[in-house]
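> Quick one, structure for this:
(4 chains)
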Protein chains: 2
Amino acid sequence: MKTAPAHAFQPRKTPIQRRSTVTVEAIAEATIQVLLAVGSDRLTTTRVAERAGVSVGTLYQYYPNKQSLLHAVLETHLTRVAEAVEGACRAHRGAAVEELVAAIVPAYVDAKLERADVSTALYAAGSDVDGAAIVRRISKRGNRALTAALAEAAGAPPGDMEFVALMIYSAMAGATRAVLEAGAPARMVARLREELLVLCQAYAAKSVRSS
Amino acid sequence: MKTAPAHAFQPRKTPIQRRSTVTVEAIAEATIQVLLAVGSDRLTTTRVAERAGVSVGTLYQYYPNKQSLLHAVLETHLTRVAEAVEGACRAHRGAAVEELVAAIVPAYVDAKLERADVSTALYAAGSDVDGAAIVRRISKRGNRALTAALAEAAGAPPGDMEFVALMIYSAMAGATRAVLEAGAPARMVARLREELLVLCQAYAAKSVRSS
DNA sequence: TCATTAGATGAAGAATCCTTCAGGTTCGGA
DNA sequence: TCCGAACCTGAAGGATTCTTCATCTAATGA
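I've put the predicted structure just below:
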């Protein structure tokens, strides 16, 4: 388990002209599609390049190695989800716990399901050694926002809400993932939104009151 | 995404003498350790054999290919967890929902944490294409038991409890995973047991009553 | 004891894949 | 128009890894 230098996953060259911006985006999108089509094991740089309609050389001009492909996709997706949670927290500052939770749950679910294909594809990629590290790092963002918001709503010190926030966040993640892996049919998604809200509110009511 | 023939992951040869039984077990254990040490990307059959103290040839005498290594480990672990849930359901047949949940949550958590290292190692392995299929297949076992038990306890038709069971199961999975990936320090594990119970009971109370 | 089967070995074939780089094409501005 | 920078190409080097198989050793039972 060697630790890689920090620059090892940064883009090698920044796009300047528009065509290269398109290329970079196409490669990212191709990564997702290849991931969905053949799985992370059989994802090869050549296949991604092919799918993106460019040559391998071009790919390596912007992504320093294979891992950086997955990392880039993972990063943008998780960031989007974390921002959704942060946004919901910000928009309901000062609200009661019940209302807060009522805002956060759909925000999370929507962000995750907006690109259900990406979420699904990434469950396979988040596995590698520092894929997990990325997940942890960015999840912490959403978690921190949630912790602070809960603490404010409950009038409790943040320390007391840290674990509660972790529970809510991970319950949302677990349930959403289960639905996603079941194929996310519309009926199930609707039900997820309802039940997850019930679950989180019931838990928050119990757990915030008693602390 | 080619579908492999059904026999492709079955052991090639069944151990007969005791020494080979030991070997097969050693290889499975080595798989876990290699997984933990270097991650699933850099897990190689040679490395596993080395760690197990046998030669690659021996490995291939019992495991038809690399994937079967991971699948075997995944299968036994998940089966153990599913059996724990089934057992808890069986032991509390006829009990109230609250009591039922109070039995299932610790059963699940304990089974998952009894070999925390295996659980952690497998999050990396469950990613591959039909690793996910195995997870689905075996999780369904625990889910079915939970659905039936909830239906009986609530006096409701099983159809109504299917999704509720999914929520509980996936919330347990999500929260436990989060703690596991945080390193599973003793204090956190204790808290998990408490909070997860609160969460599941609060949800069950709300969701079972209203249906 | 000895033949037969189970078990173990590890070098090497075969395949795959990551990554580079020398050389070509396109764009943007002077 | 023309030059330099940005961009693209894809064959091939280099490295890794999966898997096989001919061969050897250990156990079993008659």
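> Does A:Ala28 touch A:His71 like I think?
No - look at A:Ala28 against A:His71 with CB atoms under 8 Å: they stay out of range, at 10.8 Å. Using the backbone N, CA and C atoms, a C-beta is placed for each residue, glycine as well.
> Quick check on these two: which one has the bigger neighbour count.
Shown here are A:Ala28 and A:His71; by other CB atoms under 10 Å in any protein chain shown, A:His71 has more neighbours (21 against 17).
> Quick one, grab the pLDDT at the more buried one.
At A:His71, the predicted lDDT confidence score is 96.
> Which strand or helix spans the residue lying closest to A:Ser127 once chain neighbours are set aside?
In this structure, A:Ser127 finds its nearest non-sequential neighbour in B:Ser127, 3.9 Å apart by CB to CB, 6 or more residues apart in numbering or on different chains. According to DSSP states H and E, B:Ser127 maps onto no helix or strand at all.
> Pretty sure B:Ser127 sits against A:Thr120.
No - counting by CB under 8 Å, A:Thr120 is not a contact partner of B:Ser127; they are 11.3 Å apart.
> The two - which one has more neighbours?
A direct count of neighbours by other CB under 10 Å for B:Ser127 and A:Thr120 places B:Ser127 higher, at 23 against 18.
> number of nearby residues for A:Gly57?
8.
> what does A:Glu83 give?
Neighbour number of A:Glu83 under other CB under 10 Å is 16.
> Equivalent analysis for A:Cys89, please.
For A:Cys89, using other CB under 10 Å, the count is 24.
> repeat for the one 3 residues further on
Other residues within reach of A:His92 by the criterion other CB under 10 Å amount to 19.
> how far away is it from A:Leu43?
According to CB to CB, to the nearest Å, A:His92 and A:Leu43 sit 40 Å apart.
> which one is the residue nearest the centre of chain A nearest to, not counting chain neighbours?
The centroid of chain A falls nearest to A:Leu78 when counting by CA atoms, centre = their mean (2.5 Å). Nearest residue to A:Leu78, sequence neighbours excluded (CB to CB, 6+ apart): A:Ile138, at 4.1 Å.
> close to DNA strand C, is the lowest-mean-pLDDT helix or strand in chain A?
Within chain A, no helix or strand scores below helix A:116-125, which has a mean of 92 by mean pLDDT, DSSP states H and E. No - applying CB under 7 Å from any atom of the strand, one finds helix A:116-125 out of contact with DNA strand C, separated by at least 12.6 Å.
> elements contacting that helix?
In terms of contacts (3 or more CB pairs under 8 Å, 6 or more residues apart in numbering or on different chains; DSSP states H and E), helix A:116-125 is packed against helix A:18-38, helix A:66-91, helix A:158-181, helix B:129-154.
> Contacts made by it with the rest, please.
A:32, A:35-36, A:39-40, A:70, A:73-74, A:77, A:112-113, A:131, A:176-177, A:180-181, A:184, B:127-129, B:132 (CB atoms under 8 Å, 6 or more residues apart in numbering or on different chains).
> Name the residues of it that are buried.
A:118-125 (16 or more other CB atoms under 10 Å in any protein chain shown).
> got it, and stretch A:47-54?
A:47-49, A:51-52, A:54.
> ok, now stretch A:173-186?
A:173-181, A:184.
> quick one: which of these is nearest to B:Ala165?
Nearest to B:Ala165 among the buried residues of stretch A:173-186, counting by CB to CB, is A:Ala178 at 10.7 Å.
> What residues does chain A have near DNA strand C?
Counting by CB under 7 Å from any atom of the strand, the residues of chain A near DNA strand C are A:17-19, A:42-46, A:56-57, A:60, A:64-66.
> Mark which of those residues are buried, thanks.
Looking at these with 16+ other CB under 10 Å, the buried ones turn out to be A:43, A:45, A:60, A:64, A:66.
> what's the farthest-apart pair in these?
A:Leu43 and A:Pro64, at 16.2 Å, using CB to CB across these.
> Does A:Val48 lie in a helix or a strand, and which?
Per DSSP H and E: helix A:45-52 holds A:Val48.
> counting contacts, what elements does that helix pack onto?
Partner elements for helix A:45-52 (3+ CB pairs under 8 Å, 6+ apart): helix A:18-38, helix A:56-62, helix A:66-91.
> right, so those helices: which one is the most enclosed?
helix A:66-91 (a mean of 19; mean count of other CB atoms under 10 Å in any protein chain shown).
> returning to what we had before: what is the neighbour count of the residue nearest to A:Leu78?
20.
> Please apply the same query to A:Gly155.
Neighbours around A:Gly155, by other CB under 10 Å: 8.
> same deal with A:Ile16?
So A:Ile16, with other CB under 10 Å, has 8 neighbours.
> For it, report the pLDDT, please.
Confidence score, pLDDT, at A:Ile16: 81.
> can you give me the angle the least confident helix or strand of chain A makes with helix A:129-154?
120 degrees (axes from the mean of the first three to the mean of the last three CA atoms, to 10 degrees).
> Extract the CA atoms of helix A:116-125 and return them as CSV.
The C-alpha atoms that make up helix A:116-125 are tabulated as CSV, following Å, rounded to 0.1, in the frame of the first residue of the first chain:
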residue,chain,number,x,y,z
ALA,A,116,-28.4,7.3,-11.0
ASP,A,117,-26.1,5.8,-13.6
VAL,A,118,-23.1,7.6,-12.2
SER,A,119,-23.9,6.5,-8.7
THR,A,120,-24.3,2.9,-9.7
ALA,A,121,-21.1,3.0,-11.8
LEU,A,122,-19.1,4.5,-8.9
TYR,A,123,-20.1,1.9,-6.4
ALA,A,124,-17.7,-0.3,-8.3
ALA,A,125,-15.0,2.3,-8.4
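> Could you tell me how far the residue lying closest to A:Val129 once chain neighbours are set aside is located from B:Thr120?
Once flanking residues are discounted, A:Val129 sits nearest to B:Gly39: 4.4 Å by CB to CB, 6+ apart. Distance, B:Gly39 to B:Thr120, by CB to CB: 11 Å.
> Repeat that for A:Gln201.
In terms of CB to CB, A:Gln201 sits 31 Å off from B:Thr120.
> what does A:Ala96 give?
Counting by CB to CB - A:Ala96 and B:Thr120 are separated by 38 Å.
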